[in-house]
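[1] A structural model of the following input is requested.
(one chain, ligands or ions: 1)
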Amino acid sequence: MPGVGRNIPNQGLFPPGQGATIGVDFMIKTVEINGEKVKLQIWDTAGQERFRSITQSYYRSANALILTYDITCEESFRCLPEWLREIEQYASNKVITVLVGNKIDLAERREVSQQRAEEFSEAQDMYYLETSAKESDNVEKLFLDLACRLISEARQNTLVNNVSSPLPGEGKSISYLTCCNFN
Ligand SMILES: Nc1nc2c(ncn2[C@@H]2O[C@H](COP(=O)(O)OP(=O)(O)OP(=O)(O)O)[C@@H](O)[C@H]2O)c(=O)[nH]1
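    Below you'll find the model as predicted:
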């Protein structure tokens, strides 16, 4: 999507300087929790409207969705309800949703306060975290926290059952969603 910065240049997940996502990108990230390796399969979906029919088909088998907005862009925050409607329509009702406020390295240009975002997340039953993809700030924590939640849900057997998923790969999957369309 234009501008919120879901691509994470300094974590080895995405090559630096990568342009807008075309359709869907796929990557794997492995994190270790209490000595246990967790492999996360991540689909980075394009935010542009023209890719919407492709990206929607990826929500269904996701165990978790990372919804990202830009803390320096009020408009990206105001688009969140629209994205939540998409989630409600296309994702499983068991999906774990995380809201990420990105670009905290540009704090002097902040348009959305942390408190406002936290209140919104709480009301929507979402976990909230602020990151800087540019500075790799809180990015590792994001994936670690998410992996912990996935493990916990898997143990309680409440994860989305995606065994029959037609998507590439298998097992736990995370989709990035974008929060606004500035085309
Ligand atoms: N300052 C700052 N810039 C960032 C950050 N993350 C991304 N950017 C920049 O923001 C612009 C958009 O980043 P992208 O990762 O392409 O955004 P996106 O939401 O994935 O966009 P699409 O792939 O088109 O859906 C790029 O110029 C990035 O370099 C960040 O944490 N801080």
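
[2] what's around E140, how many residues?
    For E140, the neighbour count with other C-beta atoms under 10 Å is 14. C-beta here means a position set from N, CA and C on the backbone, and glycine is covered the same way.

[3] got it, and D105?
    Burial of D105 is recorded as 16 neighbouring residues (other C-beta under 10 Å).

[4] over to L144?
    Counted with other C-beta under 10 Å, L144 comes out at 14.

[5] list the contacts for it?
    Contacts were defined as C-beta atoms under 8 Å, 6 or more residues apart in numbering; by that measure L144 touches V31, I33.

[6] is it in a helix, a strand, or coil?
    Of the three states, L144 takes helix according to DSSP: H, G, I helix; E, B strand; the rest coil.

[7] quick one: stretch 76-91 to chain centroid distance?
    Averaging C-alpha positions (C-alpha atoms, centre = their mean, to the nearest Å) puts stretch 76-91 12 Å from its chain's average.

[8] next one: stretch 51-63
    Between the mean C-alpha location of stretch 51-63 and the chain-wide mean there is a distance of 12 Å, by C-alpha atoms, centre = their mean.

[9] before we move on, what about stretch 124-139?
    A distance of 9 Å separates the C-alpha centroid of stretch 124-139 from that of its chain, computed with C-alpha atoms, centre = their mean.

[10] now do stretch 104-121
    Worked out by C-alpha atoms, centre = their mean, stretch 104-121 lies 17 Å from the chain centre.

[11] what does that stretch contact?
    Stretch 104-121 is contacted from outside by 69, 71-74, 77, 80, 99, 101, 127-128, 130-132, 134-135, 137-138, using C-beta under 8 Å, 6+ apart.

[12] name only those of the residues you listed that count as buried.
    Neighbour-count burial within the contacts of stretch 104-121 applies to 69, 71-73, 77, 80, 99, 101, 127-128, 130-132, 134, 137-138; the criterion is 16 or more other C-beta atoms under 10 Å.

[13] now, which of those residues lie within strands?
    Among the buried ones among the contacts of stretch 104-121, the residues falling in strands (DSSP state E) are Y69, L99, G101, Y127, Y128, E130.

[14] what is the most widely separated pair among those?
    Set against one another by C-beta to C-beta, those have their most distant pair in Y69 and Y127, with a gap of 14.3 Å.

[15] which parts of the helix or strand containing V38 are buried?
    Using DSSP states H and E, V38 sits in strand 36-45. For strand 36-45, a neighbour-count test (16+ other C-beta under 10 Å) marks V38, L40, Q41, I42, W43, D44, T45 as buried.
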